[in-house]
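> task: produce atomic coordinates for the following.
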Amino acid sequence: MKRLLLTGLAISAVALIAPRAANAASLTIDDTLETGILFSVGQFDRGVGFILDGTTLLEPSLGTASRLVSEGTPASGPITHTFMGQFETGGPLVAPMSGVIAFLEVGGGVSDILTFNYTGGGTGATATLTGTFVSDLDPGGNLVAPPGAIFVSEGAPVTFNNTNITAAAISDVDAVPEPASLVLLGTGLLGVLRFTRKRR
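Have a look, this model is predicted:
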């Protein structure tokens with residue numbers, strides 16, 4: 001009995017001091033809201049935690065946080081949001097280490113641009129994710145994609161995961177009127193014009 005108890009304690013001690021897998025950080029950039037762009041983050045547990053536009057969104061921790069930011073105004077134009085987060089990795093980072101993603105609108109034009117870059121990493125080490133996200137103003141399509149950008153259709157989530165982090169960005173989809181709606185609108189306008197002409 002004593003030997004069994006000692007064996008159990010030894011196994012418990014080894015389990016406590018054995019290296020643990022790093023927690024998985026997370027980042028979601030959601031531009032599908034009418035009110036702005038939502039940055040949601042979690043488990044940026046090293047260094048600076050997560051910084052958005054120069055201010056701390058999440059202190060280094062296993063917690064979560066989110067912030068709604070503006071796309072911009074007609075006076076200011078689109079706003080480019082910058083971000084940086086640091087997190088523990090359980091191994092080396094993998095490709096792609098960086099990228100530029102341009103979201104294409106249905107009728108043409110670029111509605112959002114994401115850039116990202118990973119550095120550092122390794123077993124038990126710190127990795128750093130930096131990047132930017134900019135969204136057009138409605139009706140949209142007025143952004144210019146940087147050279148070398150990868151083009152994707154808006155509305156589909158784009159993942160830019162790496163070791164011990166899940167990261168995704170999703171662009172809004174500009175509403176394109178259905179043909180039946182356009183016909184109905186045209187008929188209504190013709191009716192208004194005819195009514196006005198008869199009154200004269």
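> A169: helix or strand, and which one exactly?
In this structure, A169 is located in strand 165-170 according to DSSP states H and E.
> what does L33 give?
Per DSSP H and E, there is no helix or strand for L33.
> on that earlier part again, tell me which residues are up against the strand holding A169.
By C-beta atoms under 8 Å, 6 or more residues apart in numbering, the residues outside strand 165-170 that reach it are 24-32, 87, 101, 112, 114, 116, 127, 129, 133, 155-161. C-betas here are computed from N, CA, C, even on glycine.
> in that strand, which residues are buried?
Buried residues in strand 165-170, counted by 16 or more other C-beta atoms under 10 Å: 165, 167-170.
> got a markdown table for those, with distance to L62 too?
Below are the buried residues of strand 165-170 laid out as a markdown table (distance: C-beta to C-beta, whole Å):
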| residue | distance to L62 |
| --- | --- |
| I165 | 13 |
| A167 | 17 |
| A168 | 20 |
| A169 | 23 |
| I170 | 25 |
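> most widely separated two among the residues you listed?
Across these, no pair lies farther apart than I165 and I170, at 16.9 Å, counting by C-beta to C-beta.
> can you pull out the strands in this structure?
All strands of the chain, identified by DSSP state E, fall at 25-30, 37-42, 50-52, 55-58, 64-69, 72-73, 77-78, 80-92, 98-104, 110-135, 150-153, 158-159, 165-170.
> which of those strands has the lowest mean pLDDT?
Lowest mean pLDDT of the strands of the chain: strand 72-73, a mean of 88.
> and for that one, what's in contact with it?
For strand 72-73, the external contacting residues (C-beta under 8 Å, 6+ apart) are 78-79, 135, 137.
> return the distance of stretch 99-116 from the chain's centre.
Between the centre of stretch 99-116 and the centre of its chain there are 13 Å (C-alpha atoms, centre = their mean, to the nearest Å).
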